[in-house]
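>>> generate a structure from the sequence data that follows.
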Amino acid sequence: NNKKILLGICNKLFIFNEYGDPLKTIQLTPSIRGIAISKRSQSNNLAYVSHGDIVSMIDIDTGKTLDCVKETDSSGESGTFLPLGIDTDNIDGNVY
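Next up is the predicted model:
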């Protein structure tokens, strides 16, 4: 029952309640490329945000960044693959 609206514009993630009232604004650099919400019932308050070559896991309720990973290719080089977006599957709720 976590009804929140997430909107990514440039390098800011806006979190609104279900009525559109602003709750939090989170600064992320570089610009946001994609947002996915965890579909697992035990973690449905988590947002995964890709920005640049980084994917951050953010607690929607608190607005805190819990973890982040940097995208790299198979040789460990960064900057060669920029994620355009992320998504969750409908079966397990895994984030890709």
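>>> which residues sit in contact with residue 15?
The contact partners of residue 15, by C-beta atoms under 8 Å, 6 or more residues apart in numbering, come to 4-6, 22-26, 60, 63. Heads up, the C-betas are built off the backbone N, CA and C, glycines and all.
>>> residue 42 in helix, strand or coil?
Recorded secondary structure, residue 42: helix (DSSP: H, G, I helix; E, B strand; the rest coil).
>>> number of nearby residues for it?
As a burial measure, residue 42 scores 8 neighbours (other C-beta atoms under 10 Å).
>>> can you redo the contacts of residue 15 as CSV, where the extra columns are secondary structure?
What follows is the contacts of residue 15, written out as CSV (three-state DSSP):
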residue, secondary structure
4, strand
5, strand
6, strand
22, strand
23, strand
24, strand
25, strand
26, strand
60, coil
63, coil
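>>> so where's the chain uncertain?
Low-confidence segments of the chain (pLDDT under 70): 1-2, 41, 73-74, 76-96.
>>> need the strands for it, in chain order.
For the chain, the strands defined by DSSP state E cover 4-9, 12-17, 22-27, 32-37, 46-51, 54-59, 65-70.
>>> in the fifth one, what counts as buried?
By that I understand strand 46-51. By 16 or more other C-beta atoms under 10 Å, the buried positions in strand 46-51 come out as 46-51.
>>> now those residues in a markdown table, with distance to residue 70?
As requested, those are arranged in a markdown table below (distance: C-beta to C-beta, whole Å):
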| residue | distance to residue 70 |
| --- | --- |
| 46 | 19 |
| 47 | 18 |
| 48 | 14 |
| 49 | 14 |
| 50 | 11 |
| 51 | 11 |
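>>> closest to residue 37 out of those residues?
Set against residue 37, the nearest of the buried residues of strand 46-51 by C-beta to C-beta is residue 47 (5.6 Å).
>>> how many residues are close by residue 14?
By other C-beta under 10 Å, 14 other residues sit near residue 14.
>>> contacts only, for the residue lying closest to it once chain neighbours are set aside.
Of all residues not flanking residue 14 in the chain, residue 7 sits nearest, at 4.5 Å (C-beta to C-beta, 6 or more residues apart in numbering). Residues in contact with residue 7 (C-beta under 8 Å, 6+ apart) are 13-14, 16.
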